[in-house]
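Student: got a predicted structure here, sequence first:
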Amino acid sequence: MNQEIAESAVQLDCAVRNFSVLLSSTPRGARLARLLATEQLRTWGLPLEAPGHVVAELAANAVTHGRVPGRDFRLMLYVVADTLRIEVTDTRCERLPQLRQPTSGSESGRGLVLVDALADRWGVREDRFPRKTVWAELRCSEPEPVPTGSGGEGDPHPKNSGEK
């Protein structure tokens, strides 16, 4: 059974938001993790695409490699300042994930490559036996636009400005 564990907003110098849910270690639970995360991110007004892919990969790994019958996995989302932290905790700590380059013919093994490409940083934390947490952090704010020199609005050196 899916159970929402906690959702709160705390006022500090910046807003700290978090969301946590316990999900069944099944393909359905992994799909639900992405759907719930996407909806929570939408509620917070945050980007959806990259975090949605990261959640999907980490949840799929928890279900595929961290599954113990009868035990659930936990999805946690934290936002502090402009950083989103995604954590997925499962109950198989003897199998720690490692980033490997898949062979061209392999049908799996690309999940962490995708996480590595989308996240600003990621890692694994061994928790109290028998758990492990795989986490990823993504910056939520868009980088400042870089002037292109094309004369567009906001360009500090517009072409044909009449200045000599």
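Tutor: Alright, I've got the coordinates.

Student: for the rest of this, base every contact and every neighbour count on C-alpha atoms.
Tutor: Fine.

Student: per-residue confidence averaged over stretch 60-67?
Tutor: Stretch 60-67 shows a mean pLDDT of 85.

Student: can you give me the strands in this protein?
Tutor: Taking DSSP state E as the test, the strands found in the chain are 3-11, 15-24, 72-80, 83-90, 121-126, 132-139.

Student: check the ones you listed for me: which has the lowest mean pLDDT.
Tutor: strand 3-11 (a mean of 39).

Student: TSV please, covering the strands of the chain and showing distance to L99 and mean neighbour count.
Tutor: Formatted as TSV, the strands of the chain follow (distance: least, C-alpha to C-alpha, whole Å; neighbours: other C-alpha atoms under 10 Å):
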stretch	distance to L99	mean neighbour count
strand 3-11	30	11
strand 15-24	25	19
strand 72-80	21	21
strand 83-90	16	23
strand 121-126	10	15
strand 132-139	12	22
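
Student: export the ones you listed to TSV and tack on distance to L46?
Tutor: Below are the strands of the chain laid out as TSV (distance: least, C-alpha to C-alpha, whole Å):
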stretch	distance to L46
strand 3-11	15
strand 15-24	12
strand 72-80	10
strand 83-90	9
strand 121-126	18
strand 132-139	10
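
Student: the ones you listed: which one's closest to A50?
Tutor: With C-alpha to C-alpha as the measure, strand 132-139 is the member of these nearest A50 (8.4 Å).

Student: adjacent strands (with direction) for the closest one?
Tutor: If you go by DSSP bridges, strand 132-139 pairs up with strand 83-90 (antiparallel), strand 121-126 (antiparallel).

Student: save these as CSV, and put in distance to A136 too.
Tutor: Conversion of those to CSV gives the following (distance: least, C-alpha to C-alpha, whole Å):
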stretch, distance to A136
strand 83-90, 5
strand 121-126, 4
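
Student: nearest to T133, out of the ones you listed?
Tutor: Distance to T133, taken as C-alpha to C-alpha, is lowest for strand 83-90 among those, at 4.2 Å.

Student: what about the closest one, distance to the chain center?
Tutor: Here the centre of mass of C-alpha atoms in strand 83-90, compared against the chain's by C-alpha atoms, centre = their mean, to the nearest Å, lies 6 Å away.

Student: got a list of contacts for that strand?
Tutor: Strand 83-90 is contacted from outside by 51, 54-55, 58-59, 62, 66-67, 72-79, 131-141, using C-alpha atoms under 8 Å, 6 or more residues apart in numbering.

Student: go on, stretch 119-128?
Tutor: Taking C-alpha under 8 Å, 6+ apart as the rule, stretch 119-128 contacts 54, 93, 96-97, 115-116, 132-139.
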